[in-house]
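Engineer: one predicted model, sequence on top.
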Amino acid sequence: MAGVTGPGAGTGARPGQRGGGRTERPGGRPPGRAEGGAGGRPSGAARPPGESGGGRRPRLTPPSRRTLLIVLVALTVLLGGGTWAVYGSPWLRARTVSVHGTGVLTPEQVRKAAAVPLGGALVSVDTGAVRARLLKELPRLKDARVHRSWPHTVSIDVTERTPSAILKSGAKFTEVDRDGVRFATVDRAPGGVPLVELTPDQTASFRHFGTKRLLQGAITVAGRLPDSLAGRATAIRVRSYDAITVELTGGRDVMWGSADDSATKAAVLTALMKAEPHATHYDVSAPTAPAASGS
C-alpha cells in the first residue's frame, strides 16, 4: 500500500483541524482573543480615560441650599463692608485740596473758587461740578483738571490763559488771549504784550467794518505773531481793515495788512527777518511778495 504524504502525515487528524494548520478552541473562539473584557480587552487591562464601568458618566451633584446660603451671606458681608469703607469710613474722607499750575493766580484763590466740600467721603466729591465752578469764577483759567488722590486729597491742575494783546480801557487794561477771549482787567499793563491802538482814518473801510471788527482783526494778528517776536512787539496799530501795523522794539515795524492769512504771513515774516536782519521796515501785507527796507 502506498505511503500517505502531505499535511498531517503520520499523525492522526484532530477534530476541528483544517488544512493550513489553523486550530479553533473549544467554544468557537479564535486563537489570539483574550478572555475577559468586552471587545477582547483582557480583564486586567486599564480602561481608557473617561470611560466608566458600564459606559456611564459620573453625575455632577448640585450645591446644597446650605452652601448657596453661606456664599450669599459672604458676598453680602463683603459688599456691605466695601460700601461702608468707601462711603462711611473715616479713612477715605476728603481732607485737603492740592493746587498745581498757577501763575498769576494764587493756590488760595483757586481753592476758594473750587469750594470743595471737605469732611465727607472722598468718592462723593463731584469733580465735574468743581471744574465748572472754577471755569465760571476764574475767567483767567483756560482749563482745569480735577481728580481724587486717595485716600484724602482732591487734586486740581490748572492752565492759565496768557495775554496776546491788551486793550486800554480808561485807566485800566484788558488782557486778551490769542483766541480773542477777554479774561482779565488789570491796573498795570503786563510787560512784553502789545497794546492795541485803534487810529481809524474815517475811510469807508472803517465805517463798513466798525470798531469791533477792527479790534478783532488786531487781536487775531497779535495771536499769530511768530514766536521769534515774543516780548518784542510793543503795539498793534489799526487804521483800517487792511492797514494793520505791528510796532517792534528798536524802532522797527511790520506792515501786516489785513488779518487774513495771518499764519502764512507769520511764517513769511520769520524767513524775511532772517534774510534781512538789519532792516527796519518789513512788509508782509502781500505774503507772496514780501519786502524789507531801511537799515
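Structural biologist: All right, it came through fine.

Engineer: centre of the chain to stretch 176-193, how far?
Structural biologist: 31 Å (CA atoms, centre = their mean, to the nearest Å).

Engineer: buried ones in it, by neighbour count?
Structural biologist: Neighbour-count burial for stretch 176-193 flags 176-178, 181-184, 189, 193 (criterion: 16 or more other CB atoms under 10 Å). The C-beta positions use only the backbone N, C-alpha and C, and glycine is treated the same way.

Engineer: what do you get for stretch 227-240?
Structural biologist: Buried residues in stretch 227-240, defined by neighbour count with 16+ other CB under 10 Å: 229, 233, 235-240.

Engineer: how long is it end to end?
Structural biologist: Distance across stretch 227-240, first residue to last, is 25 Å (CA to CA, to the nearest Å).

Engineer: contact partners of it?
Structural biologist: 165, 191-192, 194-201, 203, 205-206, 209, 214-215, 217-218, 221-222, 225, 244-249, 270, 273 (CB atoms under 8 Å, 6 or more residues apart in numbering).

Engineer: could you rerun that using 6 Å?
Structural biologist: The contact list for stretch 227-240 (CB atoms under 6 Å, 6 or more residues apart in numbering) reads 192, 194-199, 201, 203, 205-206, 214, 218, 221-222, 225, 244-249, 270.

Engineer: closest to the centroid, which residue in this protein?
Structural biologist: residue 145 (12.8 Å; CA atoms, centre = their mean).

Engineer: helices of the stretch 1-150 of the chain, residue ranges please.
Structural biologist: 65-83, 107-114, 127-137 (DSSP state H, counting those that start in this stretch).

Engineer: in TSV: these, plus mean neighbour count.
Structural biologist: Shown next, in TSV, are the helices of the stretch 1-150 of the chain (neighbours: other CB atoms under 10 Å):
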stretch	mean neighbour count
helix 65-83	10
helix 107-114	16
helix 127-137	15
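
Engineer: can you redo the ones you listed as a markdown table with mean pLDDT?
Structural biologist: Below are the helices of the stretch 1-150 of the chain laid out as a markdown table (pLDDT from 0 to 100):
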| stretch | mean pLDDT |
| --- | --- |
| helix 65-83 | 66 |
| helix 107-114 | 97 |
| helix 127-137 | 97 |
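
Engineer: got JSON lines for the ones you listed, with distance to residue 266 too?
Structural biologist: Shown next, in JSON lines, are those (distance: least, CB to CB, whole Å):
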{"stretch": "helix 65-83", "distance to residue 266": "57"}
{"stretch": "helix 107-114", "distance to residue 266": "33"}
{"stretch": "helix 127-137", "distance to residue 266": "29"}
